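**Student:** Just need the structure, nothing else, for what follows:
(chains A and B)
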There are 2 protein chains.
Amino acid sequence: MKKDINIGLLGLGTVGSGVYRILTRHRDDFRLKVGADLNIKAILERDISKADAVGADRSLVTTDAPSIIGDPDIDIVVEVLGGVEPARTFILQAIESGKHIVTANKELLADHGRDIFEAADAKGVDVYFEASVGGGIPIIHPLKECLASNKIIKVMGIVNGTTNYILTRMAEEGCLFKEALKEAQARGYAERDPSADIEGRDAAAKIAILASIAFNSRVTSPDVYMEGISGVTPEDIMYAGEMGYVIKLVALAKEEKDGLDVRVHPTMIPRDHPLASVRGVYNAIFVEGDAVGEVMFFGPGAGSMPAASAVVGDVLDVARNLQYGRSGKVGCTCFETKKIKTIGEISSGYYLLMNVVDKPGVLAKIAKAFGDNDVSLASVIQKGPRGANAELVFITHLTREKNLRAALKVIEGLDVVNRVCNVIRVENSGD
Amino acid sequence: MKKDINIGLLGLGTVGSGVYRILTRHRDDFRLKVGADLNIKAILERDISKADAVGADRSLVTTDAPSIIGDPDIDIVVEVLGGVEPARTFILQAIESGKHIVTANKELLADHGRDIFEAADAKGVDVYFEASVGGGIPIIHPLKECLASNKIIKVMGIVNGTTNYILTRMAEEGCLFKEALKEAQARGYAERDPSADIEGRDAAAKIAILASIAFNSRVTSPDVYMEGISGVTPEDIMYAGEMGYVIKLVALAKEEKDGLDVRVHPTMIPRDHPLASVRGVYNAIFVEGDAVGEVMFFGPGAGSMPAASAVVGDVLDVARNLQYGRSGKVGCTCFETKKIKTIGEISSGYYLLMNVVDKPGVLAKIAKAFGDNDVSLASVIQKGPRGANAELVFITHLTREKNLRAALKVIEGLDVVNRVCNVIRVENSGD
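**Tutor:** Numbering: from 1, shown residues only, chains lettered A, B, ... in the order given. Just a heads-up that it's a prediction; the model follows:
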């Protein structure tokens, strides 16, 4: 057994600082758990003030990545740089030098997971990535190990805290998307360029990772159908509320007979669904398995210390593997290659808000367009009239999306329809 | 690498039948995950009809435990008999013969965990027990591994579905404890002798297991202070609701400067706490760590298939260890021996319901008794008068229990106090 396990830390930003703090603070405890000291031997970071901020010895800090990756004394490389490059190159080089990897990098894994796991498998090293999804919430390990006994039917989660904060503010304060975004930025919950969160790219990478594990088949970011939240209006949230729903940015992945259904978009979920009560920057991931039924994992989806909690949990796991000479146990589990459905092929319930001319026969024309395209309505509510116009709110039963789109094409061409204001998918466990 | 991993299944009851079904149903999938066939080679069961019910070959079934435990071809012994004996003897013998153990046995682990883990450590075999707490919910692995990076501050859960079903019915239907219990029995959620659930013994065993992991110090069932739910009345639930609380049977474990605080009792928790919305037979476990903050695990806490999901998840983990020659990685983590507080030493908020004589000066006398004993009141509500009497509802700030008990002794002796109807602890994250 080793007495020292040495770590090279790539990045001393938000997550990296938390990793440094935890490894320092709980050094004695970790020695008991692992039987060795966990030492940070080198830190890749340009900004030396970050070392001062966490109290790290400046001599540990370097801007020379190869000096870390090539250091024969380093056992584990912790990558918390984020982004695809140079993280990808560093990780592949570190694997090639026989280092074990702990990473929080969702973009990298979602886009280049296969290359990384294949390289790790060839070298017999561990690649752990608990922090890549759900921040501090344990989800990768539970899904990959504890729930491995199940055929997973569905994974559905709120995996982006920024958008959940915005939607929560909109729902609770009745404010506009733009106002809620501005507030999120002021509080540090949204970045200055918030597009990766707002447009759903962050959530898409995370659900790609979860789907790959859940269904034993590689899903990458470009495979995920994606819509952001900027089109959600206070009216949508109000009507959703009237009908017993809340609107969340939901990332979901289901396996169906004709393929995998993986997507991220604003979604109406019933108010009594466990995900509906997840407020603010919290995340929650709901997993349905054929044996376990429904389980949910809830907690802080981001932040320095929560993400670092997951990273250091992985470091401890890798360190224990090292101590017992048994690395590389649970590698890539994408044994199969399953078809991924296009958005037209998926089925969902739909909420539709339309502005129409308020006169007799309008509903009949719209209903005919739905019926002609095999779209069955669960409920219709008329709002208004507002002047000469009215608003119609529809909820459909489970419908194939290509049928809905065909119906909408007809409906948008009707002279009595001023505008289809919004279409939001409805996830209803009862349908 | 082995091509076959053989399992001896001790018990074909509720959980054992589920284990048999999952191992049969997902045989091909598990071969991919483990690289070997997982075969049930022998089943210990007196009732042959249970083999017929799951479609197991009758020739697998025996009543001769030593023939399973001593079989050199068997790699993993799965114990789902429940109860301390003969499970304890069988498991210790199996460990002695070098078998790896998967068990769902909370009583055994809570009372004799140390013996079992020491024996396993000496032989270098795995003992996995994910199903012992929370049924299908992954909690043992996440707490022991993913959250190992944290100093755990608190574990708090609804870990008994029977009592949660009863309390949910009482809250939602306004019925009496006895009526709700009868209904739970009719639905198969409570046993004919429900005392282990109702009195909190089941929950006490589970929190003993969780506390041992969370605080790296052995906690056994007798260490856990325990009160059941039979004293909870519809009035308590009503008053709790008026003050923004719900009543749940909460199992909790906290580490404080002067020792561990581990207990099971009816508890008032704020309505917006994540545990408050856990209804019916569901379980949820809330963990607070110094790095991660608050995470929660939610799902079905009992039932054949959920519990079997956890058992087979462990079997897969043990099988993977076998394939890579690295068993016994994460053994017992009770490195320390921490003091466990007596109930008098703990601190809590308290709800108190009293029936008093309705005349001036009563409140002053009661308030003086509280004040004299350092009990600070957060709120007082008077209900009534009902004839010559009234009801007083108190909520205290955080109070040392021995002080509360001293005050109650004085209060019970006051001639203006007819009766102290109930005392329920209040867990308020805001205090």
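**Student:** and the stretch 1-150 of chain A, which residues reach chain B?
**Tutor:** Residues of the stretch 1-150 of chain A lying near chain B by Cβ under 8 Å from any Cβ of the partner chain: A:18, A:22, A:25-26, A:29, A:32-33, A:130, A:136-138, A:141-142, A:145-150. Bear in mind the C-beta positions are built from the backbone N, C-alpha and C, glycine included.
**Student:** Now list the buried members of those residues.
**Tutor:** A:18, A:22, A:26, A:29, A:33, A:130, A:136-138, A:141-142, A:145-150 (16 or more other Cβ atoms under 10 Å in any protein chain shown).
**Student:** and A:Glu85, helix, strand or coil?
**Tutor:** coil (DSSP: H, G, I helix; E, B strand; the rest coil).
**Student:** now do the one 5 residues further on
**Tutor:** In the three-state summary, A:Phe90 is assigned as helix, counting by three-state DSSP.
**Student:** In this structure it contacts A:Val78, no?
**Tutor:** No - with contact defined as Cβ atoms under 8 Å, A:Phe90 does not reach A:Val78; the gap is 11.0 Å.
**Student:** Residues that sit against both of the two, list them.
**Tutor:** Common neighbours of A:Phe90 and A:Val78, counting by Cβ atoms under 8 Å, 6 or more residues apart in numbering or on different chains, are A:Leu10.
**Student:** Would you mind listing what in the stretch 301-431 of chain A touches chain B?
**Tutor:** Going by Cβ under 8 Å from any Cβ, the residues of the stretch 301-431 of chain A near chain B are A:303, A:305-306, A:308-313, A:315-317, A:320-321, A:324-326, A:328-330, A:333, A:335.
**Student:** from the residues you listed, which ones fall inside strands?
**Tutor:** Secondary structure assignment by DSSP state E places none of these in strands.
**Student:** Now the buried members of those residues.
**Tutor:** By neighbour count, with 16+ other Cβ under 10 Å, these hold A:303, A:305-306, A:308-313, A:315-317, A:320-321, A:324, A:326, A:328-330, A:333 as buried.
**Student:** What is the three-state secondary structure of the residue of chain A positioned farthest from its centre?
**Tutor:** Here chain A reaches farthest from its C-alpha mean at A:Pro360, the gap being 45.6 Å by Cα atoms, centre = their mean. Classification of A:Pro360 using three-state DSSP returns coil.
**Student:** roughly how far apart are it and B:Leu363?
**Tutor:** From A:Pro360 over to B:Leu363 the distance is 67 Å, taken as Cβ to Cβ, to the nearest Å.
**Student:** Could you do A:Gly124 as well?
**Tutor:** 73 Å.
**Student:** where do the strands sit along the stretch 51-200 of chain A?
**Tutor:** A:61-62, A:76-79, A:100-103, A:127-128, A:152-158 (DSSP state E, counting those that start in this stretch).
**Student:** and of the ones you listed, who's closest to A:Val292?
**Tutor:** Checking those against A:Val292 by Cβ to Cβ gives strand A:152-158 as the closest, at 9.4 Å.
**Student:** quick check, distance from the closest one to the centre of its chain.
**Tutor:** 11 Å (Cα atoms, centre = their mean, to the nearest Å).
**Student:** same for the helix or strand containing A:Gly349, what does it pack against?
**Tutor:** Under the criterion of DSSP states H and E, A:Gly349 resides in strand A:347-357. Where contact means 3 or more Cβ pairs under 8 Å, 6 or more residues apart in numbering or on different chains; DSSP states H and E, strand A:347-357 is packed against helix A:234-242, strand A:259-270, helix A:362-372, strand A:389-396, strand A:399-400, helix A:401-413, strand A:417-426.
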